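Trainee: predicted model follows, preceded by the sequence.
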Amino acid sequence: MEFTRPQAIYLQIGDFICDHILRRRWRDGDRIPSIRELAVDVQVNPNTVTRTYAYLQDQGIIFNRRGIGYFVADGAYRQARELKRRSFVERDLPQLFKTMDLLGLELSDLEAHYHTRMRSEQE
């Protein structure tokens, strides 16, 4: 995992976990990597992963079974989707609109690109 965005690393790891849930790689009740396992996998300090897990617990996306590990919470798909939507609207859309203004792009320009992308994914 590469950390390139101007966003806290623990939030980027949270996005990574949410992406796994939204892609249905991890489903309700599935065990997720331990703090140490994930810290080694993404090459960060375990304290960073601890912060990520605390954040995701607060969001109702994961839960801890003391002594057993962390698991995907019931309804995590819906919670992760809502969290990512809020983040997109609050963080990504303002930057997108700024770039569109600078380049003189209209929503119709984006729509054309979106439809082209969707067609290529269906092939």
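Mentor: On my side now, so go ahead.
Trainee: excluding sequence neighbours, find me the nearest residue to the most centrally placed residue in the chain.
Mentor: For the chain, the residue nearest the mean C-alpha position is residue 15 (2.1 Å; Cα atoms, centre = their mean). Closest residue in space to residue 15, ignoring its immediate chain neighbours: residue 84 at 7.2 Å, by Cβ to Cβ, 6 or more residues apart in numbering. No exception for glycine: its C-beta is placed from N, CA and C like everyone else's.
Trainee: ok, residue 87 next?
Mentor: Nearest residue to residue 87, sequence neighbours excluded (Cβ to Cβ, 6+ apart): residue 15, at 7.7 Å.
Trainee: lowest-confidence helix or strand of this protein?
Mentor: helix 107-122 (a mean of 88; mean pLDDT, DSSP states H and E).
Trainee: list the buried ones in that helix?
Mentor: Judged by neighbour count (16 or more other Cβ atoms under 10 Å), helix 107-122 contains no buried residues.
Trainee: quick one: mean pLDDT over the one helix or strand the residue nearest to the centre of the chain maps to.
Mentor: Secondary structure assigned from DSSP states H and E places residue 15 in helix 9-22. What helix 9-22 shows for mean pLDDT is 96.
Trainee: packing partners of that helix?
Mentor: On a contact count with 3 or more Cβ pairs under 8 Å, 6 or more residues apart in numbering; DSSP states H and E, helix 9-22 meets helix 35-42, helix 46-58, helix 76-87.
Trainee: could you check how far the residue nearest to the centre of the chain is from residue 5?
Mentor: As judged by Cβ to Cβ, to the nearest Å, residue 15 and residue 5 stand 9 Å apart.
Trainee: mind checking how far the helix or strand harbouring residue 102 is from the chain centre?
Mentor: Element membership for residue 102 (DSSP H and E) is helix 93-103. Relative to its chain's centre, helix 93-103 lies at 22 Å (Cα atoms, centre = their mean, to the nearest Å).
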